[in-house]
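**Q** What shape does this take:
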Amino acid sequence: MANVRNLKKDINYVLGDIIEAAYVWEYTNTNKDNKKSEAIVDEAINTFDALIAKVNDKNVENKKAHFKAISSELEEKGRALIEKINKLG
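**A** Below is the predicted model:
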């Protein structure tokens, strides 16, 4: 099941990079309010938990379609979080 392992790694790397980007923004903008960036970090953590739970779900009929849907959801939510980071000002 290398596919599942790679999907878990992708989820970890993508969301980890988003969290890191939010922390870098906080570090470089110490004079600004961090509530929005903290909300982005919380959302990324919640997204991580939800996606990993979906990956670990064993009651799936079509595994290939299930994992493909998770991968596209990761891409969609990752892009949304990146947009939020880019809008921090």
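
**Q** which strands and helices sit next to whichever strand or helix holds residue 24?
**A** Counting by DSSP states H and E, the element that carries residue 24 is helix 2-28. If contacts are counted by 3 or more CB pairs under 8 Å, 6 or more residues apart in numbering; DSSP states H and E, helix 2-28 sits against helix 35-55, helix 63-87. (Glycine included, C-beta is placed from N, CA and C.)

**Q** Pick the most deeply packed of the ones you listed.
**A** Of all these, helix 35-55 has the most neighbours on average by mean count of other CB atoms under 10 Å, namely a mean of 16.

**Q** Now render the helices and strands packed on helix 2-28 as TSV, adding mean pLDDT and distance to residue 25.
**A** Below are the helices and strands packed on helix 2-28 laid out as TSV (pLDDT from 0 to 100; distance: least, CB to CB, whole Å):
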stretch	mean pLDDT	distance to residue 25
helix 35-55	96	6
helix 63-87	95	6
